[in-house]
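> Fold the following.
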Amino acid sequence: MEKEFYRKYRWFFTHSGKLVYGGKSAEQNEEVLKNLASKKEDFVIMHTMDPGSPFAVINAPIREISERDIEETATWTACFSRAWRSGKKKSVVDIFTKNQLYKNPKMKAGTWGVKGKIERKEVETKLVLINQKKFLRAVPINSPDEKDKVLFKIIPGKIPKDEFAKMISEKLKKPLDEVLNALPTGGFTK
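Coordinates of the predicted model:
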């Protein structure tokens with residue numbers, strides 16, 4: 001896999017530098033999980049309890065994942081799900097591992113089953129915009145540390161994504177497509 005394979009998906013890095021990535025669509029979710037299925041190691045994966053979410057993968061050995069990494073990834077998963085589009089202030093995220101996944105031939109693209117115990121975490125849908133790896137990223141509010149400059153706080157609202165992205169693009173002097181790529185789908189509050 002190429003070094004920056006994650007750039008075609010939704011992605012961010014946790015405060016501790018762990019890559020988190022997930023699909024932008026059912027087809028990309030399918031691709032992400034099929035690629036993981038071929039690997040020997042196990043991974044922590046998250047998805048909202050409700051449909052319409054990325055399958056978010058923490059790309060690190062499970063033993064190296066902290067509770068803060070879990071919290072950040074759960075928040076990010078919820079924010080890039082239908083919960084944001086619906087304007088929800090909170091969402092419940094399912095947490096499981098790659099080894100718990102299964103796929104029946106009758107399941108449509110992007111749909112996978114999970115066997116065994118699932119941990120659940122309720123999180124708030126709040127993000128901040130920062131620069132990571134020279135790109136604008138929407139990350140959980142608790143991800144940045146002292147060296148990261150928080151550019152904007154964002155929460156679900158009624159301002160359409162295109163309009164909000166244009167405003168952000170002009171204020172930050174960032175290309176519009178980069179801003180659009182960083183933001184969740186749905187509306188925003190100023």
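
> can we go C-alpha only for contacts and neighbour counts from here?
Will do.

> Which parts of this protein belong to which domain?
According to automatic domain parsing, the chain comprises the domains 5-124, 127-188.

> tell me the average confidence for the shortest one?
It stands for domain 127-188. Averaged over domain 127-188, pLDDT sits at 95.

> can you give me the offset of it from its chain's centre?
What separates the centre of domain 127-188 from the centre of its chain is 13 Å, taken as C-alpha atoms, centre = their mean, to the nearest Å.

> start to end distance for it?
11 Å (C-alpha to C-alpha, to the nearest Å).

> so residue 54 makes contact with residue 47?
Yes - Residue 54 is within contact range of residue 47, at 6.2 Å (criterion: C-alpha atoms under 8 Å).

> which neighbours do the two share?
Shared contacts of residue 54 and residue 47, defined by C-alpha atoms under 8 Å, 6 or more residues apart in numbering, comprise residue 77.

> more neighbours, these two?
More neighbours surround residue 54 than the other of residue 54 and residue 47, with 30 against 24 (other C-alpha atoms under 10 Å).

> what helix or strand does the more buried one sit in?
Using DSSP states H and E, residue 54 maps to neither a helix nor a strand.

> One more: residue 158?
When elements are assigned from DSSP H and E, residue 158 belongs to strand 156-159.

> Can you show me the strands along the protein?
Taking DSSP state E as the test, the strands found in the chain are 10-13, 19-22, 44-48, 56-58, 90-97, 101-102, 113-114, 119-124, 127-132, 135-140, 152-154, 156-159, 188.
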